[in-house]
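Q: Sequence first, predicted model second:
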Amino acid sequence: MIRSELVTSIAEANPHLTLRDVEAIVTTVFDQITAALADGRRVELRGFGAFSTRGRDARTGRNPRTGTAVKVDAKRVPYFKPGKELRERLNAE
């Protein structure tokens, strides 16, 4: 599901909200999650999962085209851990 499909789905389930209102809500939620992760905080959505960041150390990589060594700086990357309820729903038979 892409963002526009999510907005449409929420708008259909909530006819009292306009499409513009739903877009604003979805944008606000994603912006808040992004801001929290950028501040190094963890975001937990009960029944769905938790978003956090993990650090990657600096390393030496290779340019795939030329094969030359390239320095790759240390960075933080997003990490998602699914919640128990989500795992159970995915594996229900």
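A: Perfect, I can see it now. Residues are numbered from 1 along each chain as shown.
Q: Okay, and residue 89 sits in which element?
A: According to DSSP states H and E, residue 89 maps onto helix 84-90.
Q: Tell me which helix or strand residue 30 sits in.
A: Using DSSP H and E, residue 30 falls in helix 19-38.
Q: tell me which residues of that helix are tucked away?
A: 22-23, 26, 37 (16 or more other C-beta atoms under 10 Å). For the C-beta atoms, the positions are set from N, CA and C on the backbone; glycine is no exception.
Q: sorry, back to before: which residues are contacting the helix holding residue 89?
A: 47-49, 82 (C-beta atoms under 8 Å, 6 or more residues apart in numbering).
Q: which one of those sits closest to residue 62?
A: residue 82 (32.8 Å; C-beta to C-beta).
Q: Looking at strand pairing, list the partners for the nearest residue to the closest one once chain neighbours are set aside.
A: Nearest residue to residue 82, sequence neighbours excluded (C-beta to C-beta, 6 or more residues apart in numbering): residue 49, at 4.3 Å. Using DSSP bridges, the bridge partners assigned to residue 49 are residue 45, residue 82.
Q: Surely residue 49 touches residue 79?
A: No: at 10.2 Å, residue 49 does not count as touching residue 79 under the criterion of C-beta atoms under 8 Å.
Q: neighbour count winner among those two?
A: residue 49 (16 against 12; other C-beta atoms under 10 Å).
Q: so how far is residue 20 from the more buried one?
A: 28 Å (C-beta to C-beta, to the nearest Å).
Q: Kindly report the same for residue 26.
A: With C-beta to C-beta as the criterion, residue 26 and residue 20 are 11 Å apart.
Q: pLDDT weak spots in this protein?
A: Counting by pLDDT under 70, the chain contains no low-confidence range.
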